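> pasting the sequence and the predicted model now:
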Amino acid sequence: MVFQEVKATIVISLVGNDKRGFSLLELLVVLLLLGLSSLIVLPSIEKGLKDRELRETTLKLAAVARNLRSKAIYESNLQRLYLDQRENSYQGSQGKKVLLSSDVRIMGIKGGEPVGERLRQFLFFPSGSILRGEIGLASRDGSAYGIRLDPLLGRVVVVKAARG
């Protein structure tokens, strides 16, 4: 058996000496695709962030209401939750006033008792019952949540409202 000698030429090029690259047209197409995809994705991200802020605000207000109910039972003392729709704020008994952000509005208050011209209050009794009502919160993009106060069971329930 006879082996034949094979000769090969190996070309070594230094990094950066390659003359091939991307054309201007290819770069423009990539930039155009990036721009179009950002136009589609960014509004969804912004909407999601606003909905998240609305949901967090609603859950915080519901937590304050639940806390006031627990405090009323534990201390055997009537507790109050004050809502000011014009000022877009709420305040618990002996608590500090909480101003909602400009993106979240108190849209409606059903039930409760009027206190003066601007305020409405919800009462939390030592027996565990609460004054019936519903508090509606909404964002500028139309998303809305409601907080329902069940008088007999003393439950505070958060619900997502249908878009209208």
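Cool, the structure landed.
> C-alpha from now on. contacts and neighbour counts both.
Noted.
> so what does the helix or strand containing Arg120 touch, helix or strand wise?
Per DSSP states H and E, Arg120 falls inside strand 119-124. Contacts defined by 3 or more C-alpha pairs under 8 Å, 6 or more residues apart in numbering; DSSP states H and E place strand 119-124 against helix 24-75, strand 79-84, strand 113-115.
> which residues are in contact with that strand?
With contacts defined as C-alpha atoms under 8 Å, 6 or more residues apart in numbering, strand 119-124 is touched by 68-69, 72, 78-85, 112-115, 130-133.
> following that strand, which helix or strand comes up?
Counting by DSSP H and E, the next helix or strand C-terminal to strand 119-124 is strand 133-139.
> now render the helices and strands packed on strand 119-124 as TSV, adding distance to Arg148, mean neighbour count and mean pLDDT.
What follows is the helices and strands packed on strand 119-124, written out as TSV (distance: least, C-alpha to C-alpha, whole Å; neighbours: other C-alpha atoms under 10 Å; pLDDT from 0 to 100):
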stretch	distance to Arg148	mean neighbour count	mean pLDDT
helix 24-75	9	15	89
strand 79-84	14	22	94
strand 113-115	15	13	91
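> quick one: the spatially most central residue of the chain from Val104, how far?
By C-alpha atoms, centre = their mean, the chain has its centre lying nearest to Arg52, at 1.2 Å. According to C-alpha to C-alpha, to the nearest Å, Arg52 stands 11 Å off from Val104.
> with Leu49 instead?
Per C-alpha to C-alpha, Leu49 is found 12 Å from Val104.
> do Arg118 as well
For Arg118 relative to Val104 (C-alpha to C-alpha), the value is 19 Å.
> more neighbours: which of these two?
Val104 (23 against 12; other C-alpha atoms under 10 Å).
> can you tell me the closest non-neighbouring residue to that one?
Once flanking residues are discounted, Val104 sits nearest to Ser139: 4.7 Å by C-alpha to C-alpha, 6 or more residues apart in numbering.
> contact partners of stretch 141-155?
Outside stretch 141-155, the residues that touch it by C-alpha under 8 Å, 6+ apart are 47, 51, 54-55, 58, 62, 66, 69, 128-138, 156-164.
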